[in-house]
Structures are given as C-alpha cells and as structure tokens.
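Engineer: everything below, folded, please.
(one chain, ligands or ions: 1)
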Amino acid sequence: MTRAIDKVKTCSTMAEVRAGVNALDDILVPLLVERSGYMTQAATVKNDEALVRDEARIQTIIDRVRPQAMAQGGNPDLIERLYRAMMECYIDYEHQELARLRAAGLQPKGEQP
Ligand SMILES: C=C(O[C@@H]1C=C(C(=O)O)C=C[C@H]1O)C(=O)O
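Structural biologist: The predicted structure follows:
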C-alpha cells in the first residue's frame, strides 16, 4: 500500500507547494460538502436538538481516524485536532439544518399527528 505521506511531491518553490495543496483541496471540498449532506440527514433522522451532539459517536470517530492517520504515515494528534474542530463545525451545521427543517414544517419529535 502506498501511504498518503509517500505521495507528497518534493517541492523547491512555494508555487509547487501551493499547486500540491490546491490539487488536494479540489478533492477535499467536494468530500466535505458530501459529508455536510449527511448532517442534514442526521438532523432529519434525530429530529431532536438534544441528540445533535453525541459524545460517544465523536469518540468512536476519533478512535477510528487516529490509527488510519498512523497507517498513512500521518501525525495522529494533528488528525485528531482537525477532526474535533471539523466535527464542532458540523454539529453547528446540524443544529442550523434542524432549525431550517423545522421552519420548513418538520414537526418536533413526539408532536407528530
Ligand atoms: C452526524 C452526527 O451528528 C454529530 C456530528 C458528527 C460528525 O461530524 O461526524 C459526529 C457526532 C455528532 O455529534 C452523528 O451523531 O453521527
């Protein structure tokens, strides 16, 4: 298996560094958008503000991604920090989406006819 860290091209200019970063952002942004779509799905399925933040699930994700980062030759502490910050943004977004869905007519749990 080729590790992610072994795919990094040696650069001698900042233009080369930034071309490498831009190429990865072109892959990352669509994936982040797709991930955000699952927050909308989560808001719909949970349909309860109290369920949006799930600490056990956050820890399960951290426990999954740390070894994945190591296997790819990465720094697991960096990846954990990125994931924790990213999940906070997605939790905010999930709250926002639940509010939007409610405003659009989603009935709160327990209040469906
Ligand atoms: C999507 C969920 O909602 C939240 C968002 C998470 C994420 O960004 O992966 C993880 C835990 C939840 O607090 C979930 O519970 O799985």
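
Engineer: packing partners of the helix or strand residue 101 falls within?
Structural biologist: Assigned by DSSP states H and E, residue 101 belongs to helix 76-103. Applying 3 or more CB pairs under 8 Å, 6 or more residues apart in numbering; DSSP states H and E, we find helix 76-103 packed against helix 14-46, helix 49-52, helix 55-71. All C-beta spots, glycine's among them, are computed from the backbone N, C-alpha and C.

Engineer: just how off-centre is that helix within its chain?
Structural biologist: 7 Å (CA atoms, centre = their mean, to the nearest Å).

Engineer: quick one: residue 33 from residue 99, how far?
Structural biologist: Using CB to CB, to the nearest Å, one obtains 20 Å as the distance from residue 33 to residue 99.

Engineer: same deal with residue 48?
Structural biologist: 13 Å.

Engineer: got it, and residue 105?
Structural biologist: To residue 99, residue 105 is 12 Å away according to CB to CB.

Engineer: the two: who's more crowded?
Structural biologist: Taking other CB atoms under 10 Å, residue 105 and residue 99 do not tie; residue 99 has more neighbours (13 against 6).
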